[in-house]
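Peer 1: have a look at this prediction, sequence included:
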Amino acid sequence: MKKNTQKLFVILTIVVILLIGLGIYLFTKKPNKIANNQIPSINVVTENKTAIKSTQKQSPDDETKSWKTYSNNQYNFEFKYPNNWTIDSSDYSLFKNGKFVITLNNPEIRQNTIISIQIISPGNDDLKKYAREEAGVGIPVSIESEENIITKNGIPALYTIINDTSYTDHEYVIGNNKLILWFNFREISRSFSPGGTEAISETKLTEYLPIYKNIINSVKFTK
């Protein structure tokens, strides 16, 4: 009887040791499995976030796709402009040295008119000569830079920055041998007191320069 009791005690001791060993084994292996399973899921989430960010970036072309289009059937050209802007036009072409004038207006700014456009027909190959004539014979202007460019639609243009005492203008003269479009954007306006040499106020519209350039690149001659 005593021998049987000792055998049973030995067997129970072995079983307890085995159970304890099994428990330790399972306890030490389980966290590793969980950790290993979490690593791929973290990488996937990071990659998805990167992909979402890259698709949210818009190019200038994407931005102008939703803009309104101004079309002029009389002079056969068109361009795009932001949806919240408005357009006014006046035809002075019947008068001597008259021009067809278009103004682009932004309701978010005080002076409202942000870009003015003049149309001359017929055109002139010498865009620089026309720019000088438009500036006025004998009127001194401070030309900061002047550059012949090609717009995204393949149209030649003369880009001029005029930095005068009271203003800074960005001008584009665009032509196609039949028509000349003269675009003007006043980036900075300065006011002076009578007889004063220092500006008492200054208005800057620099933030609209990228929009202005997108408008220029959207110009098309339809004939």
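Peer 2: It's in.
Peer 1: quick one, strands of the chain?
Peer 2: Counting by DSSP state E, the chain has these strands, from start to end: 68-72, 77-81, 86-91, 100-105, 113-120, 143-150, 156-163, 167-175, 180-192, 199-204, 220-221.
Peer 1: list the buried residues for the first one?
Peer 2: Buried residues in strand 68-72, counting neighbours by 16 or more other C-beta atoms under 10 Å, are found at 70, 72. Glycine gets a C-beta too; all of them are placed from N, C-alpha and C.
Peer 1: tell me the strands beside that strand, with direction?
Peer 2: Taking DSSP bridges as the criterion, strand 68-72 pairs within the sheet with strand 77-81 (antiparallel).
Peer 1: got the contact list for Thr103?
Peer 2: The contact partners of Thr103, by C-beta atoms under 8 Å, 6 or more residues apart in numbering, come to 87-89, 113, 115-117.
Peer 1: adding neighbour count, pLDDT and distance to Phe77, write these out as JSON lines.
Peer 2: As requested, the contacts of Thr103 are arranged in JSON lines below (neighbours: other C-beta atoms under 10 Å; pLDDT from 0 to 100; distance: C-beta to C-beta, whole Å):
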{"residue": "Ile87", "neighbour count": "13", "pLDDT": "91", "distance to Phe77": "13"}
{"residue": "Asp88", "neighbour count": "12", "pLDDT": "90", "distance to Phe77": "17"}
{"residue": "Ser89", "neighbour count": "13", "pLDDT": "87", "distance to Phe77": "13"}
{"residue": "Thr113", "neighbour count": "13", "pLDDT": "82", "distance to Phe77": "20"}
{"residue": "Ile115", "neighbour count": "24", "pLDDT": "89", "distance to Phe77": "15"}
{"residue": "Ser116", "neighbour count": "15", "pLDDT": "88", "distance to Phe77": "16"}
{"residue": "Ile117", "neighbour count": "24", "pLDDT": "87", "distance to Phe77": "10"}
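Peer 1: all good on my end, thank you.
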